[in-house]
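**Student:** Let's see this in three dimensions:
(one chain, ligands or ions: 1)
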Amino acid sequence: MTNKKVGIMGGSFNPIHHGHLVVANEVLNIYNFDEIIFVPAGIPPHKNGLKTNPWDRYMMVQIATVSNDRFTVSDIEIKRTGKSYTLDTLIQFREMYPDTEFYFITGMDAVIDLPNWHEPDKLLKLCKFIAVSRPGIDKDVIENKIKEIKDTLNGHIELMQVPMLQISSTDIRERIKNGISAKYLLPETVEQYIIKNKLYR
Ligand code: NAP
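**Tutor:** Numbers count the residues shown, from 1 in each chain. The predicted structure follows:
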């Protein structure tokens, strides 16, 4: 018997924006989660390291989520030395939160690549997945890909399309680099943090 239902928002959050916050709020309502834990990725195993300091990404997530008492932020992956695998995160969370059902929420692009993650079959035994896609992507194509992965790995993966996810961190970084305003795409306090700390220049 599970007592709690917790959503884990995984991603680089480089930087966090209104798209992520809308996704978190939507899943909170739809799945009736007790809590959503934002987990900024440390050094993603598949990337050669993000240029932004992990603690800056973590701070921006803290600032952005402060007004929602069902949103929390974990530094579990930021503190981890070496490569950071989602499987290790789930193992740690399951020890910390017994009798809890976990859902890992992340972008569709990452979920499509799930067969190449570290021990994906083990991971899918520890949590369910919610794959969030941007609008404009052909739903049939995505559904077929998800079905393929589900059949191969025998896991539980749900699909969700969120219009607000038209906002992207890549676009925000490009705007800031080119001196174009990113106003209203992300919380004002996060924008101020970026300016104050001269990020993405
Ligand atoms: P990413 O570069 O941050 O995101 C990939 C795509 O998904 C981007 O389009 C991104 O949009 C979107 N996205 C990211 N987080 C989202 C969220 N919570 N909700 C909705 N959309 C989101 O992330 P990534 O490096 O591919 O990794 C995503 C997650 O999967 C991380 O937690 C990472 O640790 C995990 N992962 C684990 C392994 C492994 O264990 N071997 C391998 C790959 C990924 P924005 O750019 O606008 O955020």
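**Student:** going forward, measure contacts between C-alpha atoms and count neighbours the same way
**Tutor:** OK.
**Student:** now the chain, which segments are flagged as low pLDDT?
**Tutor:** Counting by pLDDT under 70, the ranges of the chain that qualify are 1, 44-50.
**Student:** Write out the residues of it neighbouring the ligand.
**Tutor:** For the chain, the contact set with the ligand under C-alpha under 6 Å from any ligand atom comprises 9-13, 20, 41, 44-46, 85-87, 105-110, 117-118, 132, 168-170.
**Student:** Using PyMOL, define a selection of the buried residues within the residues you listed.
**Tutor:** Buried subset of the residues of the chain next to the ligand, written as a PyMOL selection, criterion 16 or more other C-alpha atoms under 10 Å:
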select buried, resi 9+10+11+12+13+20+41+44+85+86+87+105+106+107+108+117+118+132+168+169
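**Student:** Just the residues of the chain next to the ligand: which are in helices?
**Tutor:** Using DSSP state H, 20, 86-87, 108-110, 169-170 are the members of the residues of the chain next to the ligand that sit in helices.
**Student:** and the two most separated of these?
**Tutor:** Pairwise distances across those (C-alpha to C-alpha) peak at 26.0 Å, for the pair 87 and 170.
**Student:** Show me where this structure has its strands.
**Tutor:** Secondary structure of the chain by DSSP state E: the strands cover 4-11, 35-40, 71-73, 100-107, 128-133, 157-161.
**Student:** neighbouring strands for the first one, and are they parallel or not?
**Tutor:** I take that to be strand 4-11. If you go by DSSP bridges, strand 4-11 pairs up with strand 35-40 (parallel), strand 100-107 (parallel).
**Student:** again, but for the fifth one
**Tutor:** For strand 128-133, the pairing partners within the sheet under DSSP bridges are strand 100-107 (parallel), strand 157-161 (parallel).
**Student:** winner for burial among those strands?
**Tutor:** strand 100-107 (a mean of 22; mean count of other C-alpha atoms under 10 Å).
**Student:** how far does that strand sit from the chain's center?
**Tutor:** 9 Å (C-alpha atoms, centre = their mean, to the nearest Å).
**Student:** Stretch 124-134 too?
**Tutor:** Distance of stretch 124-134 from its chain centroid, counting by C-alpha atoms, centre = their mean, is 10 Å.
**Student:** now could you export just the CA positions of it as CSV?
**Tutor:** Taking C-alpha atoms only, stretch 124-134 is exported to CSV below (Å, rounded to 0.1, in the frame of the first residue of the first chain):
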residue,chain,number,x,y,z
LEU,A,124,11.0,1.8,-14.7
LYS,A,125,10.4,-0.6,-11.8
LEU,A,126,10.9,2.3,-9.3
CYS,A,127,8.7,5.0,-10.9
LYS,A,128,6.2,5.8,-13.6
PHE,A,129,7.0,8.4,-16.2
ILE,A,130,5.2,11.4,-17.5
ALA,A,131,6.6,12.6,-20.8
VAL,A,132,5.8,16.2,-21.5
SER,A,133,5.8,17.4,-25.1
ARG,A,134,5.7,20.8,-26.7
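**Student:** Can you name the residues in contact with that stretch?
**Tutor:** 23, 90-91, 101-109, 111, 153-166 (C-alpha atoms under 8 Å, 6 or more residues apart in numbering).
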